[in-house]
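> Mind folding the following:
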Amino acid sequence: MTYNLIAMTSITYAQKAKRILNSKKMYCEIQKTPSGYFSGCGYSIRIKDDIARVTSILRMNDIKFKDTASGYVR
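As a prediction, the model looks like this:
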């Protein structure tokens with residue numbers, strides 16, 4: 001299955017993002033960032049929904065993130 005990744009600035013923001021997205025019935029899992037994708041804290045959230053929609057929700061809730069990648073296959 002193909003997923004989208006959003007690199008988080010910290011594990012705390014990843015946990016907050018997961019809680020908010022799951023409360024909206026959106027799939028979200030925290031995972032270690034695969035090597036070669038991003039640099040930073042080392043944690044990303046894996047989502048199935050549209051990246052633009054999810055990043056909009058994160059911004060509205062003051063959840064900081066670093067970067068996005070689509071088409072991650074796991």
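
> what are the ranges of the strands in this structure?
For the chain, the strands defined by DSSP state E cover 2-8, 28-32, 43-47, 65-73.

> Out of these, which is the most enclosed?
Per-stretch averages of neighbours, counted by mean count of other CB atoms under 10 Å, single out strand 43-47 among the strands of the chain, with a mean of 23. Heads up, the C-betas are built off the backbone N, CA and C, glycines and all.

> Would you mind pulling the contact partners of that strand?
By CB atoms under 8 Å, 6 or more residues apart in numbering, the surrounding residues in contact with strand 43-47 are 3-8, 10-11, 14, 17-18, 21, 26-34, 37-38, 54, 72, 74.

> mind giving me TSV with the strands of the chain and columns for mean pLDDT?
TSV is the format used below for those (pLDDT from 0 to 100):
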stretch	mean pLDDT
strand 2-8	91
strand 28-32	95
strand 43-47	94
strand 65-73	81
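
> Save the ones you listed as TSV, and put in distance to Arg59 too.
Conversion of the strands of the chain to TSV gives the following (distance: least, CB to CB, whole Å):
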stretch	distance to Arg59
strand 2-8	11
strand 28-32	15
strand 43-47	14
strand 65-73	9
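
> how close does Ile11 get to Arg53?
According to CB to CB, to the nearest Å, Ile11 stands 23 Å off from Arg53.

> Over to Glu29?
Distance, Glu29 to Arg53, using CB to CB: 17 Å.

> and what of Lys64?
Where Arg53 is concerned, Lys64 sits at a distance of 18 Å (CB to CB).

> Thank you kindly, that will do.
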